[in-house]
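Enquirer: Sequence first, predicted model second:
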Amino acid sequence: MPGLCGVLVAVFFLNLSYFGCTEAQTPPPSIPCAFKSNTSCDDCLQNVTCLWCEQTAQCIDYPVRNIFPPRSVCPLNDARWGVCWVNFQVLIITMSVLAGALFIAVLICCCCCCKCERIGNKKEDAKVERENRARKSRQKARRTEMQVRHDEIRQKYGVAKDNPYSRINE
């Protein structure tokens, strides 16, 4: 997935440069937005609390009770906030596409991680199974070796049994 991650990082930085994240603007606190109406978009947007409506050339206070300015204040394709060259309609579409792409990328990464983990677990399970079989075969070989030694000792002392199921009488 290095290709996908690289593309996502490139898109992120392109959007940062596209939306003008170069320098912070300090708003002049004393001038209300309404006094900058019928001037220019750049003059209006020097204050971050102002919204420029391209259609009416009005500089108004941003309606903070709403996430997006209502159509009665200014249509979305004419509303400008932050920078003059991006309207709200383009901003909404771009941000929703980026959010969707980010969401899909996170889902793909999660699925890949889960898949890799499952493959790793299968490999570990097979390794454990092989080790268990090897351990059982070694244990069986030791058991037969021990049985042979015990039988040799029994024959040496004359207590060998012909029938393995009969009791040894003293």
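Expert: Cool, the structure landed.

Enquirer: Which strands or helices does the longest helix seen in the chain pack on?
Expert: In the chain, with assignment by DSSP state H, the single longest helix is helix 88-157. Applying 3 or more CB pairs under 8 Å, 6 or more residues apart in numbering; DSSP states H and E, one finds that helix 88-157 contacts helix 2-18, strand 79-81. C-betas here are computed from N, CA, C, even on glycine.

Enquirer: Lowest average pLDDT across these?
Expert: When the helices and strands packed on helix 88-157 are ranked by mean pLDDT, helix 2-18 comes last with a mean of 50.

Enquirer: Just after that helix, pick out the following helix or strand.
Expert: Sequence-wise, the next helix or strand downstream of helix 2-18 (DSSP states H and E) is helix 41-44.

Enquirer: Need the residues that contact that next one.
Expert: Applying CB atoms under 8 Å, 6 or more residues apart in numbering, the contact partners of helix 41-44 are 33, 36-37, 50-52, 54, 59, 80, 84.

Enquirer: Save the residues you listed as JSON lines, and put in neighbour count too.
Expert: Shown next, in JSON lines, are those (neighbours: other CB atoms under 10 Å):
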{"residue": "33", "neighbour count": "18"}
{"residue": "36", "neighbour count": "21"}
{"residue": "37", "neighbour count": "16"}
{"residue": "50", "neighbour count": "24"}
{"residue": "51", "neighbour count": "23"}
{"residue": "52", "neighbour count": "28"}
{"residue": "54", "neighbour count": "15"}
{"residue": "59", "neighbour count": "26"}
{"residue": "80", "neighbour count": "22"}
{"residue": "84", "neighbour count": "15"}
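
Enquirer: May I see those arranged in a markdown table, with distance to residue 106 as well?
Expert: Below are the contacts of helix 41-44 laid out as a markdown table (distance: CB to CB, whole Å):
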| residue | distance to residue 106 |
| --- | --- |
| 33 | 39 |
| 36 | 42 |
| 37 | 43 |
| 50 | 35 |
| 51 | 33 |
| 52 | 35 |
| 54 | 36 |
| 59 | 39 |
| 80 | 32 |
| 84 | 33 |
